[in-house]
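K.L.:
I would like the atomic coordinates for the input below:
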Amino acid sequence: MKKVMNYTFSCILLSFILISCGNGMKKTNNEATPESKSTESKIPEYKVLDNPQVDLSDFNKDKDGYIILFDGKDLKGWRGYGKDYVPGKWTIDDGSIKFNGSGGGEAQDGDGGDLIFAYKFNNFELELEYKVAKGSNSGIFILAQEVESKDPNTGEWRMEPIYISSPEAQVLDNENHPDAKLGKENNRKAMSLYDMIPANPQNAKPFGQWNKAKIMVYKGTVIHGQNGENVVEYHLWTKQWTDMLQASKFSQDKWPLAFELLNNVGGEKREGYIGLQDHGDDVWFRNIKVKVLD
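P.N.:
As a prediction, the model looks like this:
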């Protein structure tokens, strides 16, 4: 009996140790690590707004099948980011859309703010021309969402900036704006993927001259073109994309909400708005058109 009891006790003790160790080490696929729980706790409560979209059939097409998003006459289909109207600092100037700068940087005041075309595109090719004043900064956004987050202290909801959810093609006076010298390896110069991939070759024309820009988005592949040359290529929803985000100001540690949104750019439907940036400086856009790619 003594031997049996000792054997039974030993088995029970061994089983208890194994179970205890197993419970302490094993994680299911749904169970967060302490590190991920810490990161998740930094992300505020947020929501992606689902505002009405325009009917593309109401817009004319050119002979090549491009939908004319701006005809040089009115701002039909456009509105402010997070607004239901066009902010007053966006005007029509000699057949172009002009942002009338305040010189205040990304002021985003009541009469300003970013401008979006009120339709969520998926696979498309965007063409436009842009021109900057001396020392101007702006940008072109793709697959953007309208995002609100909840202030954990006050409980109030507030709009997040457009670039928290959208890759940005930089628009810049390379010679006179200090942003051209920031970032890494010129990745903040004109038509670069802002703060991630430099445009190569860098062929932007000086301030006061029109540049031709093209952005193609097709099943995650994005190509920036400038003045007839392809200058940037990258691939959304890939390890390459995640690694680039981690090496930028939108990393998981530096800006958890931006990382989450940009890492899943376009949301579940992988679609979003085209936007033009208010960075507080004079900038012009014209001949804006889109071809939807199947």
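
K.L.:
center of this protein - which residue?
P.N.:
When CA atoms, centre = their mean is applied to the chain, the residue found nearest the centroid is residue 166 (1.0 Å).

K.L.:
dump the residue contacts of the nearest residue to that one once chain neighbours are set aside.
P.N.:
Excluding the flanking residues, the one nearest residue 166 by CB to CB, 6 or more residues apart in numbering is residue 144, at 3.6 Å. From N, CA and C alone the C-beta is placed, and that goes for glycine too. Going by CB atoms under 8 Å, 6 or more residues apart in numbering, residue 144 touches 81, 116, 162, 165, 166, 272, 273, 274, 275.

K.L.:
Which strand residues bridge the nearest residue to residue 197 once chain neighbours are set aside?
P.N.:
Using CB to CB, 6+ apart and skipping residues adjacent in sequence, the residue nearest residue 197 is residue 232, 5.2 Å away. Counting by DSSP bridges, residue 232 is bridged to residue 224.

K.L.:
Residue 232: neighbouring residues, count only.
P.N.:
22 (other CB atoms under 10 Å).

K.L.:
That one against residue 196, yeah?
P.N.:
No - with contact defined as CB atoms under 8 Å, residue 232 does not reach residue 196; the gap is 9.0 Å.

K.L.:
And the residue nearest to residue 197, how far from residue 172?
P.N.:
As judged by CB to CB, to the nearest Å, residue 232 and residue 172 stand 14 Å apart.

K.L.:
wait, what's in contact with the residue nearest to residue 197?
P.N.:
169, 191, 192, 193, 197, 198, 199, 200, 222, 223, 224 are the contacts of residue 232 under CB under 8 Å, 6+ apart.

K.L.:
So which of those residues is the closest to residue 268?
P.N.:
residue 222 (18.6 Å; CB to CB).

K.L.:
I'd guess residue 213 is in a strand, am I close?
P.N.:
Yes - residue state for residue 213 (DSSP: H, G, I helix; E, B strand; the rest coil) corresponds to a strand.

K.L.:
The stretch 151-294 of the chain: strands as residue ranges?
P.N.:
All strands of the stretch 151-294 of the chain, identified by DSSP state E, counting those that start in this stretch, fall at 157-159, 168-172, 211-218, 221-226, 229-235, 272-276, 283-292.
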